[in-house]
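1. Need coordinates for the below:
(one chain, ligands or ions: 1)
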Amino acid sequence: MRGTNRQLRLARRPDGMVDEHTFELAEEPLRGLADGEFLVRVAYLSIDPTNRVWIRAEPSYLPPVGIGEVMRGGGAGAVVESRNDAYPVGTGVLGLLGWQEYAICGRDVTANAVPPGVPLQHMMSVYGATGVTAYFGMLDVADPKEGETVVVSGAAGATGSVAGQIAKIRGGRVIGIAGTDEKCRWLTDELGFDAAINYKTDDIGVRLDQLCPDGVDVFFDNVGGATLDTLLRHLALGARIALCGAISTYNAAETPPPIHWYVNLVVQRARMQGFLVLDYLDRFPEAVRALVQWVSEGRIQWRDHVVEGLEQAPRALNMLFRGENTGKLMVRVGPDPSA
Ligand SMILES: NC(=O)c1ccc[n+]([C@@H]2O[C@H](COP(=O)([O-])OP(=O)(O)OC[C@H]3O[C@@H](n4cnc5c(N)ncnc54)[C@H](OP(=O)(O)O)[C@@H]3O)[C@@H](O)[C@H]2O)c1
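-> Here you go, the predicted structure:
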């Protein structure tokens with residue numbers, strides 16, 4: 001007899017943080033595979049701020065997850081049964097596997113093979129979507145030059161921590177903004193950032209006046225809202241702002257507050273550009289090759305923050321908004337054959 005699959009399905013759209021009513025834990029029998037399909041035992045789910053965006057009613061860059069549907073989410077796992085010769089049993093894969101223990105891929109769900117020898121966990125973090133986002137956002141969109149001053153918000157998170165280190169590799173002077181002294185120490189003492197600002201205890205504007213009297217050349221923004229507004233007041237001539245995300249707005253039930261200081265883009269002849277890593281899918285191998293190289297040279301370090309158990313995924317999502325993660329947050333759902 002085939003086994004069962006436990007899944008978290010969207011039950012109700014939240015106002016603010018997700019709660020115990022947002023998802024329901026369901027169990028269904030696993031169906032048989034059709035030709036071309038393969039069954040993946042999920043090992044890790046990537047917990048991302050964008051999960052919160054996907055359960056809003058308003059369409060975003062992907063349609064909203066429907067009520068009753070399995071929660072959309074990136075994941076990694078291994079093929080445990082296959083009717084697809086390209087994905088034999090044992091292959092490690094990555095894809096939008098969903099918040100569940102097993103995913104049937106190959107027709108409705110696309111999954112890509114993980115390069116042999118790379119641990120699944122690293123494909124969720126430094127070589128995964130957040131590492132690749134940091135690479136293209138920093139190098140293609142922000143494009144820091146030797147000696148320029150670069151500020152990164154959300155700097156101790158999965159994307160920001162790698163983005164800041166890439167700016168250091170480019171020869172930038174890098175300042176991170178994060179929510180605890182411990183995170184700030186990690187940035188300066190271990191990752192090589194030149195300075196860090198704890199936005200919960202320090203006034204970002206005052207600290208920028210002290211640290212960057214000539215202004216900020218590059219701002220890699222993960223946070224949006226008031227942080228973005230403050231940075232707009234500190235731009236250097238010809239500055240570039242890469243808009244990666246705006247986590248401070250994702251839980252807001254109301255329209256986010258206005259950005260007041262955009263006119264400084266005119267004054268400073270600056271550029272502000274949003275980007276989505278999805279637009280770089282065909283260039284992912286380039287980013288992963290560079291990241292592998294830098295990791296092997298000890299120039300990029302990262303942290304994985306692993307929470308245990310499928311049912312913990314909603315709580316883990318809230319951790320992102322409370323700043324309770326350092327580095328890449330993921331949930332371990334099943335065994336990791338690559339560990
Ligand atoms: N454009 C793209 O293609 C793309 C791809 C991936 C991610 N992103 C975006 O990149 C950003 C970071 O994502 P991630 O996956 O790397 O998450 P992450 O940075 O690992 O985790 C989120 C962090 O954001 C900080 N934060 C939460 N609420 C905040 C608030 N109100 N004000 C300031 N900081 C806050 C918290 O750290 P503190 O302790 O410092 O507050 C938290 O640890 C998000 O905006 C996400 O949407 C964009």
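2. Count the residues that sit near the residue nearest to Thr180 when sequence neighbours are not counted.
-> In space, and not counting its chain neighbours, Thr180 is closest to Asn198: 6.5 Å by C-beta to C-beta, 6 or more residues apart in numbering. Placement of C-beta: from N, CA and C, glycine included. Using other C-beta atoms under 10 Å, Asn198 has 18 neighbouring residues.
3. right, and Asn198 touches Cys184 too?
-> Yes: Asn198 is within contact range of Cys184, at 5.2 Å (criterion: C-beta atoms under 8 Å).
4. what touches both of those two?
-> By C-beta atoms under 8 Å, 6 or more residues apart in numbering, Asn198 and Cys184 have these common neighbours: Ala178.
5. how about the residue nearest to Arg2 when sequence neighbours are not counted, what does it touch?
-> Among residues not flanking Arg2 along the chain, Leu30 sits closest, at 4.6 Å (C-beta to C-beta, 6+ apart). Residues near Leu30 by C-beta under 8 Å, 6+ apart: 2-5, 39, 102, 104.
6. repeat for Val288
-> Val288 neighbours (C-beta under 8 Å, 6+ apart): 115, 127, 131-132.
7. Next, the contact list for the spatially closest residue to Ser82 that is not a sequence neighbour, please.
-> Leaving aside its chain neighbours, Ser82 sits nearest to Phe38 (4.0 Å; criterion: C-beta to C-beta, 6+ apart). Residues in contact with Phe38, defined by C-beta under 8 Å, 6+ apart, are 79, 81-84, 87, 91, 104-106, 111.
8. Please repeat the previous calculation with a cut-off of 7 Å.
-> Applying C-beta atoms under 7 Å, 6 or more residues apart in numbering, one finds that Phe38 lies in contact with 79, 81-84, 87, 105-106.
9. Leu45 versus that one, what's the distance?
-> Computed as C-beta to C-beta, to the nearest Å, the Phe38 to Leu45 distance reads 19 Å.
10. and if you look at Gly323?
-> Counting by C-beta to C-beta, the gap from Gly323 to Leu45 is 20 Å.
11. Looking only at neighbour counts, state which of the two leads.
-> Using other C-beta under 10 Å as the criterion, Gly323 and Leu45 rank with Leu45 on top: 30 against 17.
12. so the more buried one, which of the three states?
-> With DSSP: H, G, I helix; E, B strand; the rest coil as the basis, the three-state label of Leu45 is strand.
13. For the ligand, see how far away it is.
-> In this structure, Leu45 and the ligand are 13 Å apart, going by C-beta to the nearest ligand atom, to the nearest Å.
14. so what's that residue up against?
-> Taking C-beta under 7 Å, 6+ apart, one finds 73, 75, 99, 313, 330-331, 333 in contact with Leu45.
15. Quick check on the residue most central in space within the chain: phi, psi?
-> Centroid-nearest residue in the chain: Thr130, 4.2 Å away (criterion: C-alpha atoms, centre = their mean). With angles defined as degrees, to the nearest 10, Thr130 shows backbone torsions of phi -70, psi -40.
16. Excluding chain neighbours, what is closest to it?
-> Ala158 (3.8 Å).
17. do the same with Asn251
-> Nearest non-adjacent residue to Asn251 (C-beta to C-beta, 6+ apart): Gly16, at 5.1 Å.
18. what does the chain have sitting close to the ligand?
-> 48-50, 129-130, 133, 154, 156-160, 178-180, 183, 222-223, 244-248, 275-277, 320-321, 323, 325, 329 (C-beta under 6 Å from any ligand atom).
19. Point out the ones among these that are inside strands.
-> Under the assignment DSSP state E, those contribute 178, 329 to strands.
20. of the residues of the chain next to the ligand, buried ones?
-> Burial by neighbour count, 16 or more other C-beta atoms under 10 Å: within the residues of the chain next to the ligand this picks out 48-50, 129-130, 133, 154, 156-160, 178-180, 183, 222-223, 244-248, 275, 277, 320-321, 323, 325, 329.
21. need the contact list for Ala43.
-> 76-78, 120, 332-336.
22. For the ligand, see how far away Arg207 is.
-> Where the ligand is concerned, Arg207 sits at a distance of 14 Å (C-beta to the nearest ligand atom).
23. Look at that residue and say how many residues are nearby.
-> 19.
24. hang on, it is in a helix, isn't it?
-> Yes: assessed by three-state DSSP, Arg207 belongs to a helix.
25. give the contact list for it.
-> Arg207 touches Ile197, counting by C-beta under 7 Å, 6+ apart.
26. for stretch 133-146, which positions count as buried?
-> Applying 16+ other C-beta under 10 Å to stretch 133-146 flags 133-139, 141-142, 144 as buried.
27. Tell me what Val307 is bridged to.
-> Val331 (DSSP bridges).
28. wouldn't it be in contact with Val331 here?
-> Yes: with contact defined as C-beta atoms under 7 Å, Val307 reaches Val331; the gap is 5.0 Å.
29. between these two, which one's more packed in?
-> Neighbour totals were compared for Val307 and Val331, and Val331 leads with 26 against 17 (other C-beta under 10 Å).
30. What subset of the contacts of Phe38 is buried?
-> 79, 81-82, 84, 87, 105-106.
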